[in-house]
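Q: Sharing a sequence plus its predicted fold:
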Amino acid sequence: MLQVYNTMTKRKEIFKPLKEGEVSIYCCGVTPYNAPHIGNARPFVTWDVIRRYFNRLGYKVRYVQNFTDIDDKIINAANAQGVTWKEIADKNIEAYFRSMDALNIQHADIYPKVSDTMPDIIKMIETLLEKGYAYQLDNGDVFYSVEKFEDYGKLSGRKLEDMQAGARIEVDDRKKHPMDFALWKAAKPNEPAWDSPFGKGRPGWHIECSTMSLKYLGEKFDFHGGGADLIFPHHENEIAQSCATIGDNHAFAQYWLHNGFITIDKIKMSKSAGNFFTVEDILKKYPGEVVRFFLLQTHYRSPLDFGEDRIKEAQTAYNRLKTAHKNLNELVKKVESDEFIKDNKTALLTLTQAGGLVETAERLMSAFDDAMNDDFNTALAISYMFELAKDINSYYNDYISGKIQPRGTDAFIIMRVSEIFTDMAATIGIFENVEDENNFNSELTEKLMEIIISIRQDARANKNWAVADKIRDALKTAGIILEDTPQGVKWKQA
RNA sequence: GGCGGCAUAGCCAAGUGGUAAGGCAGAGGUCUGCAAAAUCUCCAUCCCCAGUCCGAUUCUGGGUGCCGCCUCCA
């Protein structure tokens, strides 16, 4: 039974889909005014795993994620760089996809943009004006009147009178209430603008997500997510706008999930504070799957402190699972080439060991699912992968060293264990691009490595350890690790 | 000032009313020409105080510390 922590009720709830067998998700996307940093990536990795898990559970998932491509920051960036807002947005949307693709994030079903949703946004603002939830100023600005919405504050748990409006920024005194927010901003000279019944202008922040989620998911949908900093005011305002438009305070998203922040030295990473690392910079030094794995080793709601050391640790840990994955694949290949059946000396040890392996695997698979069912506890789920990896490696070592003789039943066991480990990996989204993992793994490199290894093997045969070690050390400097195993020399990228 | 979160080994991080997963680092063993990888063994009474309970790290109250939101922000 799947439980999720709902920000609206501040507790874990049993998930019940609105439609049997289907899940609808809206995750707030980015404002593409520059390249995404690692903190921006967290919600998308989180939701990617959630989607994958729902798929695993057999749900049909519909996932919508927006691009807010009209915004003050984009206009500012465009002015600063002397290009159009569209050029800024397009460029950064491309950067967004480059980064997220590297993190192995599956694409949304729809990526609506504000600039493509203008008629719907305008229509929604009209409705809010008609229903008396909004008002227009002489200059054309349209504001939402928070006092008109009785449930205002229900998501973030605050009351209008308790908030210190203007604590950090001056209040626009043309507003009826300090917390009122813009639905439509009248055009200033040289700004991109769209025609509307309220005059030329552009949408305020918040309205686009209300419009897009209602347009693509309907008046009620299952999940709405994003970073915890969106709870107020963004999501609070979305609720106010959407529920007022629909005329039902229980409409809109049923479950609100918010991820914690990525911090640096415990301080929230943010573009405005300048303490951030872009995803593409991190990817220059670490594979996307490692970055992804790093993020998932902590529960999505907990804060996560970013640091070079932490990523390195994650890489070491990730490599451990990867080794198990490789070993398992090797065993699977042997099964497929019938090596397991050939030798049918029925050592009792074999039965115990392989039988134990599959038993462990089944148990861990079940534990893995329990962890995921508990508000998508990837940190716990991953710990079970480590436990399974240990047993896989033990079996592999015993098999390779000839300590155990596999029999026919082992073949089935290996295939089942492989299926389980692959399922786990697929759920958290790793080990999917094993073929091209060595990004400098060209044919030429293969040949060169063959030559180098053969020369070194000659040296080793002559007990010329000095030369052998020199070659190994030199390769290590070049980022290639040699391992002398009973099955011959293996090499891999550092 | 209002609202919310967190405090678990050297570091990171799960979790439970009955004395605590996993990872990294570290120590020792096996394997190895030596390494590497792998594996085995070892490494915590859970911020402080009070209370409830047969029993609390886990519940309640208080305290301390850190962080976040109340502006844009994933």
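A: Received, thanks.
Q: if I look at residue A:143, how far off is RNA strand B?
A: Separation of residue A:143 from RNA strand B (Cβ to the nearest atom of the strand, to the nearest Å): 13 Å. For every residue, glycine as well, the C-beta is placed using N, CA and C.
Q: what's the burial count for residue A:40?
A: 24 (other Cβ atoms under 10 Å).
Q: contacting residues for the closest residue to RNA strand B within chain A?
A: Closest residue of chain A to RNA strand B, Cβ to the nearest atom of the strand: residue A:227 (2.0 Å). Applying Cβ atoms under 8 Å, 6 or more residues apart in numbering, we find residue A:227 in contact with A:28, A:39, A:42, A:43, A:258, A:259, A:261.
Q: what about 7 Å?
A: Taking Cβ atoms under 7 Å, 6 or more residues apart in numbering, we find residue A:227 in contact with A:43, A:258, A:259, A:261.
Q: Can I get these in TSV including neighbour count and secondary structure?
A: Shown next, in TSV, are those (neighbours: other Cβ atoms under 10 Å; DSSP: H, G, I helix; E, B strand; the rest coil):
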residue	neighbour count	secondary structure
A:43	23	helix
A:258	21	strand
A:259	26	strand
A:261	18	coil
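Q: Residues in a beta bridge with the residue of chain A closest to RNA strand B, which ones?
A: Beta-bridge partners for residue A:227, by DSSP bridges, are residue A:259.
Q: if I look at it, how far off is residue A:209?
A: Using Cβ to Cβ, to the nearest Å, we find residue A:227 at a distance of 13 Å from residue A:209.
Q: cool, and residue A:62?
A: Using Cβ to Cβ, we find residue A:62 at a distance of 16 Å from residue A:209.
Q: quick one, which of those two is more surrounded?
A: Between residue A:62 and residue A:209, counted using other Cβ under 10 Å, the more crowded position is residue A:209 (27 against 20).
Q: any idea how chain A splits into domains?
A: Taking automatic domain parsing as the reference, chain A has its domains at A:3-131+A:146-160+A:206-305, A:308-428, A:443-493.
Q: Please convert the ones you listed to TSV, extending it with mean pLDDT.
A: As requested, the domains of chain A are arranged in TSV below (pLDDT from 0 to 100):
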stretch	mean pLDDT
domain A:3-131+A:146-160+A:206-305	96
domain A:308-428	88
domain A:443-493	91
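Q: can you map out the helices along the stretch 351-494 of chain A?
A: With DSSP state H, counting those that start in this stretch as the criterion, the stretch 351-494 of chain A has helices at A:378-400, A:408-428, A:443-461, A:465-477.
Q: Is RNA strand B within reach of the longest one?
A: Yep, that's helix A:378-400 we're talking about. Yes - Helix A:378-400 reaches RNA strand B (Cβ under 7 Å from any atom of the strand) through A:379, A:380, A:382, A:383, A:386, A:387, A:389, A:390, A:393, A:394, A:396, A:397.
Q: For that helix, which helices and strands make contact with it?
A: Of the remaining helices and strands, those touching helix A:378-400 by 3 or more Cβ pairs under 7 Å, 6 or more residues apart in numbering; DSSP states H and E are helix A:308-336, helix A:348-373, helix A:408-428.
Q: again, 6 Å this time
A: In this structure, helix A:378-400 packs against helix A:308-336, helix A:348-373, with contacts taken as 3 or more Cβ pairs under 6 Å, 6 or more residues apart in numbering; DSSP states H and E.
Q: Do a quick rundown of the helices in the stretch 51-200 of chain A.
A: All helices of the stretch 51-200 of chain A, identified by DSSP H, counting those that start in this stretch, fall at A:72-81, A:85-102, A:118-130.
Q: can I get these in CSV with distance to RNA strand B and mean neighbour count?
A: CSV is the format used below for these (distance: least, Cβ to the nearest atom of the strand, whole Å; neighbours: other Cβ atoms under 10 Å):
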stretch, distance to RNA strand B, mean neighbour count
helix A:72-81, 6, 16
helix A:85-102, 10, 18
helix A:118-130, 15, 19
